[in-house]
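[1] everything below, folded, please.
(2 chains)
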Amino acid sequence: MRYVSKAKRQFQKALWALAIFALLPIGAQAALKIDITQGNVEPLPIAVLDFESEDGVGQDLAKVVIADLERSGLFRPVDREAFIETQVGVNVRPKFKDWRVVNALALVTGRAVLQGDGRLRVEFRLWDVVAGQQMTGLQFFTKPENWRRISHLVADAIYERLTGETGYFDTRIVYVSESGPKNQRVKKLAVMDQDGFSQSELTSGRALALTPRFSPTAQEITYLSFANNKPRVYLLNIETGQQEVVGDFPGMTFAPRFSPDGQKIILSLERNGNSNIYTMDLRTRETRRLTSSLAIDTAPCFAPDGSRIVFESDRMGSQQLYVMEDDGSNVRRISYGEGRYATPVWSPRGDLIAFTKTLKGRFLIGVMKPDGSGERILTEGFHNEGPAWSPNGRVITFFREGKGADEGSTLWTVDVTGYNERPISTPGWASDPAWSPLIR
Amino acid sequence: MGPSSKSKIILSMALLGLVISGCASTTDGRLQNSSAPQSAATTSSLNEDAQNLVANVADRVFFATDQSNIDGSSRATLRDQAAWLNQNASIRLTIEGHADERGTREYNLALGARRANAVRDFLISEGVSGDRLQTISYGKERPVSLCSEESCWSKNRRAVANIR
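    Next up is the predicted model:
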């Protein structure tokens, strides 16, 4: 309980810094909608005006909103050079005819005001150009330095209104930042906004750091550190920087993840060359052994409801995916395709499991249903590895490794439909990405 | 933990209770002390008796893809290691297990552990006490050969003995 309540307090503190209110609609509500279940949708043309402001922040806000929407692959921002109306007050009805001429189906207007109390107030409205109606309008109050978060929240509100799904732009990605020659790579934990901005390092790089994963509150990271030449699973508080070893295990612990309720860590323990899956309760410190095979059982991941666990094992000769109950019972193999399957990750929606697949010397990222049916490959190449889900279960991030001494890993995203593959820009080589939950 | 390209080196340390630091410049590729500070002075202070006691043992063995079994040539290497360890009872080893880049990260950590333990088990079967032999896995994190071809991968699938 200690961990959760502490994290909760910080979470609430973070919320306090940000307030959101609905704007009164101007006119009736509209029904423009994007169907995102179809992969190859025609992106929706959307015009985003610079938000009114006395300094450049209005322009910056609009830029980040546009970038978020564009990267999702679901929106095509209309070139501002084409705009006929170049300024629309946030409380003014746009001239919809002018926006129909430039082929925009949706329009975003906004305003940013630095208030007397030092807070930044940001308002925006989303308009259905064809129906000539407002779709949503919100205002946000925050510290001026939080303006990027406001842009992501605006983009989330637009995404949510137009797709009917929860957004994922106001999220972060933790990953391993890599530098130095390939035979002596320095690997540090780093965290950034999902668009690659607001980078910060979480560890010094003195010890190898691998496979970071967020807690459900996004305040803590569990990861593998080689500190003191002892590979062990650690728990790191992002805010305080404090960290500790998870449990008192007699061998290497690795492949950690939180349980969906944040109370437990599931991991692999290696003893005498044998790797099995354990959980540790963070409150009681009790450990529980879930597998007892002579094989490599690793990369465990809970289903979002906590009732089942997917993991990989080579107990039948090669790496394959298995599902078991949360007490380790009823183990059944789910992967039966050609090749090897590894690093399974359960979608936050529960409907799919993403994995790394090795086939004929190539590394693929794919998804299958939890019963193993419906396998689809999303991307393939020399080396793609380590999928992680966006919190709405729509996008997968993974890393891609290049060939040879001078190459390294880079981060990518791909839509769960297999479309819209994009790189995430990072300052250096990067691997092992994990997406935060929604911070709201 | 410097990379080394040669598989054979001189065991240039550890005699009769003397505490001797490793020197990478003379032991590159051979059994060496991974943790000791590098010191040319220490090396030059080795007397001739010490030099004469230097053994000629390879520090590493290699594995087939995904495998951790000790093959014929590895057995010969490890028998030499065991014989040397049995003659130098104060020596303790850390056996590092490694994998090539053609596997997923978690699996490779587990595979490296399997390889290090296979070596440890073999040395124990040759009479070396288990409490002298630690293991650690680096998975695919510390390659010594950096091309993305089998010629490099085969050198990276290894277990390396380091004197503690």
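[2] for whatever residue of chain B ends up closest to chain A, which non-adjacent residue is closest in space?
    Closest approach between chain B and chain A, counting by C-beta to the nearest C-beta: residue B:117, at 3.1 Å. To be clear about C-beta, it is placed using only N, CA and C from the backbone, and glycine gets the same treatment. Leaving aside its chain neighbours, residue B:117 sits nearest to residue A:273 (3.1 Å; criterion: C-beta to C-beta, 6 or more residues apart in numbering or on different chains).
[3] ok, back up a step: sticking with the residue of chain B closest to chain A, tell me its helix or strand.
    Per DSSP states H and E: residue B:117 is located in helix B:105-125.
[4] state the next helix or strand along the chain beyond that helix.
    Per DSSP H and E, helix B:105-125 leads on to strand B:133-139 as the next helix or strand towards the C-terminus.
[5] who does that next one pair up with?
    According to DSSP bridges, strand B:133-139 forms sheet pairs with strand B:93-98 (parallel).
[6] what's the average pLDDT for the partner strand?
    Average pLDDT, strand B:93-98: 96.
[7] can you show me the CA trace of it as PDB?
    Taking Å, rounded to 0.1, in the frame of the first residue of the first chain, the C-alpha atoms of strand B:93-98 are listed here in PDB:
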ATOM      1  CA  LEU B  93      36.200 -16.900 -11.000                       C
ATOM      2  CA  THR B  94      33.200 -15.000 -12.300                       C
ATOM      3  CA  ILE B  95      31.900 -16.700 -15.400                       C
ATOM      4  CA  GLU B  96      30.200 -14.300 -17.800                       C
ATOM      5  CA  GLY B  97      27.500 -15.700 -20.100                       C
ATOM      6  CA  HIS B  98      26.800 -13.900 -23.300                       C
END
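[8] can you give me the helices in the chain?
    All of this refers to chain A. Counting by DSSP state H, chain A has helices at residues A:2-16, A:57-71, A:96-101, A:147-163.
[9] nope, chain B please
    With DSSP H, the ranges of helices along chain B come out as B:24-27, B:40-44, B:48-52, B:72-87, B:105-125, B:150-156.
[10] how about the residues of the stretch 1-150 of chain A that lie near chain B?
    Residues of the stretch 1-150 of chain A lying close to chain B by C-beta under 8 Å from any C-beta of the partner chain: none are found.
[11] and the stretch 201-350 of chain A, by the same measure?
    Residues of the stretch 201-350 of chain A lying near chain B by C-beta under 8 Å from any C-beta: A:208, A:210-211, A:224, A:229-231, A:251-252, A:254-255, A:268, A:270, A:272-275, A:296, A:298-299, A:312, A:314, A:318-319, A:342-343.
[12] circling back to that earlier point, as CSV, the helices of chain B with distance to residue A:261 and mean pLDDT would be great.
    Formatted as CSV, the helices of chain B follow (distance: least, C-beta to C-beta, whole Å; pLDDT from 0 to 100):
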stretch, distance to residue A:261, mean pLDDT
helix B:24-27, 49, 35
helix B:40-44, 55, 39
helix B:48-52, 60, 33
helix B:72-87, 47, 93
helix B:105-125, 23, 98
helix B:150-156, 40, 97
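[13] which one of the ones you listed lies closest to residue A:264?
    helix B:105-125 (18.3 Å; C-beta to C-beta).
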